[in-house]
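Peer 1: Sequence and predicted model, in that order:
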2 protein chains.
Amino acid sequence: MNFLEKRIAKDGIVKPGNVLKVDSFLNHQMDIALMEEIGREFHRRFADQPITKVLTIEASGIGIACFVAKEFGVPMVFAKKSKSINIEGEMYIAEVESFTHKNKNQIIVSKKFLGSEDHLLIIDDFLANGCALQGLISIAEEAGASVEGLGIVIEKGFQIGGRVIRNLGYRLESLAIVDAMDPETGTITFREQ
Amino acid sequence: MNFLEKRIAKDGIVKPGNVLKVDSFLNHQMDIALMEEIGREFHRRFADQPITKVLTIEASGIGIACFVAKEFGVPMVFAKKSKSINIEGEMYIAEVESFTHKNKNQIIVSKKFLGSEDHLLIIDDFLANGCALQGLISIAEEAGASVEGLGIVIEKGFQIGGRVIRNLGYRLESLAIVDAMDPETGTITFREQ
């Protein structure tokens, strides 16, 4: 097991309905030393790519993406989930369905911050059905930017998102892929990578 | 002018309605080197306090709070804006009105992550009417935690929030306090601190 799988096995909590709670270290309370290690690991995996910006989506992707961007020495841009009165003018827009919140959101990125000169590393904490990632890819494509890779902290391997994104030809790296979870025993089965 | 005031003067954009856009470096695209400098500056200002956790609110507070927490070597906890199905059980709850989005949200923090043993530094990007900060303070008080300080990146000095929080007796440090903005000329007047 790598450092992340070990941490998930230790502190992740399996709940009925294929819910994996990692809120003690990843997406409510954040263990900053772990975030830094995640940042270094994604940098190691995508160091061969000419990344100019890290792109993520609010809210729980932001902390992780910050530390990835720090390693690459590039800015981080996060897509916002609803139109704010502070964002006016030209925007890239995509429609995204949320598994967690059971609703639909528009996600938006100002056109000022993404363009055809950009080489993007897209980062998020979870990958399940892939809707959020597809929204971010759609925004990158609208901007004419190159998606050099996608980095996910935890992929739910028993849901369709990972397969869809890889079948589209993208280089997707997940630090942990959960193939099965048992809410009775709390056992988490990781895919060998 | 300090490093942040200089950056705001250079890249901030004044819009009618007392809107200050800093989305090119602070709350949509994030300049990570600036975030790190903000983290170091808040650590310098609150180094005399026995901080055990940094508390913020999603979304744009998260990146800043991460780098503050990194300097203190403590976890960061962010309040969430709506009930997620992934958060169950006991929660601290406060009601918060958003100036930016012109709506009301419940903000929540799991009781697992804040308790009477905690000494908190509360961090946010903007302070205007102070509703978000008061919500976070209310959650800290419900937890019985000590609020050792509040760190704000940009305070709108012509709005009431800063005065309210300081009058409540809290130690509030704002890296930049904007006393006036002129959308015609783009001039931003900072308070001498």
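Peer 2: Looks like it arrived, so ask away. These numbers were taken from a predicted model, which means no experiment stands behind them. Numbering: from 1, shown residues only, chains lettered A, B, ... in the order given.

Peer 1: who touches the helix or strand that contains A:Ile139?
Peer 2: In this assignment (DSSP states H and E), A:Ile139 forms part of helix A:131-143. Helix A:131-143 is contacted from outside by A:55-57, A:79, A:92-99, A:107, A:109, A:111, A:114-116, A:118, A:120, A:122, A:124, A:127, A:146-147, A:150, A:152, A:161, A:164-165, A:168, A:170, using CB atoms under 8 Å, 6 or more residues apart in numbering or on different chains. Yep, even glycine has a C-beta here, placed from its N, CA and C like the rest.

Peer 1: likewise stretch A:97-115?
Peer 2: Stretch A:97-115 is contacted by residues A:53, A:55, A:57, A:75, A:77, A:79-83, A:87, A:89-96, A:120, A:128-129, A:131-132, A:135-136, A:139-140, A:143-145, B:23-24, B:28-29, B:82, B:84-86 when judged by CB under 8 Å, 6+ apart.

Peer 1: And the pLDDT for A:Ser98?
Peer 2: pLDDT for A:Ser98: 69.

Peer 1: ditto for A:Asn103
Peer 2: pLDDT, read off for A:Asn103, is 76.

Peer 1: how many other residues sit next to it?
Peer 2: A total of 10 residues lie near A:Asn103 under the criterion other CB atoms under 10 Å in any protein chain shown.

Peer 1: mind listing the helices in chain A by residue range?
Peer 2: Taking DSSP state H as the criterion, chain A carries its helices at A:3-11, A:32-45, A:61-72, A:131-143, A:161-167.

Peer 1: looking at those helices, which is buried most?
Peer 2: A comparison of the helices of chain A by mean neighbour count, using mean count of other CB atoms under 10 Å in any protein chain shown, puts helix A:61-72 on top with a mean of 26.

Peer 1: coming back round to it: what's the closest of the helices of chain A to A:Gly186?
Peer 2: Among those, the nearest to A:Gly186 by CB to CB is helix A:3-11 (9.4 Å).

Peer 1: can you give me the strands in chain A?
Peer 2: Residue ranges of the strands in chain A, as given by DSSP state E, are A:13-15, A:19-21, A:29-30, A:53-57, A:76-79, A:91-98, A:103-110, A:119-127, A:146-156, A:172-181, A:188-190.

Peer 1: Next, format those as a markdown table and append distance to B:Gly61.
Peer 2: A markdown table is the format used below for the strands of chain A (distance: least, CB to CB, whole Å):
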| stretch | distance to B:Gly61 |
| --- | --- |
| strand A:13-15 | 26 |
| strand A:19-21 | 22 |
| strand A:29-30 | 12 |
| strand A:53-57 | 15 |
| strand A:76-79 | 12 |
| strand A:91-98 | 21 |
| strand A:103-110 | 19 |
| strand A:119-127 | 17 |
| strand A:146-156 | 20 |
| strand A:172-181 | 25 |
| strand A:188-190 | 31 |
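
Peer 1: out of the ones you listed, nearest to B:Val14?
Peer 2: Closest of the strands of chain A to B:Val14 is strand A:103-110, at 17.1 Å (criterion: CB to CB).

Peer 1: what separates the closest one from the chain centre, distance-wise?
Peer 2: Centroid separation for strand A:103-110 versus its chain: 15 Å, with CA atoms, centre = their mean, to the nearest Å.

Peer 1: buried residues in it?
Peer 2: Across strand A:103-110, burial judged by 16 or more other CB atoms under 10 Å in any protein chain shown covers A:Asn105, A:Ile107, A:Ile108, A:Val109, A:Ser110.

Peer 1: residue contacts, the residue nearest to A:Val153 when sequence neighbours are not counted?
Peer 2: Ranked by CB to CB, 6 or more residues apart in numbering or on different chains and with sequence neighbours excluded, the top spatial neighbour of A:Val153 is A:Asp125, at 4.9 Å. The neighbours of A:Asp125, taking CB under 8 Å, 6+ apart as the test, are A:Leu26, A:Asn27, A:Ser60, A:Gly61, A:Ile64, A:Ile152, A:Val153, A:Ile154.

Peer 1: How far off centre is the helix holding A:Ile139?
Peer 2: Remark: helix A:131-143 is offset 12 Å from the chain centroid, using CA atoms, centre = their mean.

Peer 1: and it, what's its mean pLDDT?
Peer 2: 97.

Peer 1: Just name the lowest-scoring one in the contacts of A:Asp125, pLDDT-wise.
Peer 2: Least confident of those in the model: A:Ser60, at 93.

Peer 1: quick one, phi/psi of it?
Peer 2: Taking degrees, to the nearest 10, you get phi -70, psi -10 for the backbone angles of A:Ser60.

Peer 1: Tell me the predicted confidence for the residue nearest to the spatial centre of chain A.
Peer 2: Most central in chain A under CA atoms, centre = their mean is A:Asp124, positioned 1.1 Å from the mean C-alpha point. For A:Asp124, the pLDDT comes out at 98.

Peer 1: List the residues that contact it.
Peer 2: Neighbour list for A:Asp124: A:Thr56, A:Ile57, A:Gly61, A:Ile64, A:Ala132, A:Leu133, A:Leu136, A:Leu150, A:Gly151, A:Ile152, A:Val153 [criterion: CB under 8 Å, 6+ apart].

Peer 1: Please apply the same query to A:Gly169.
Peer 2: By CB under 8 Å, 6+ apart, no residues touch A:Gly169.

Peer 1: That one and A:Phe190, how far apart?
Peer 2: To A:Phe190, A:Gly169 is 25 Å away according to CB to CB, to the nearest Å.
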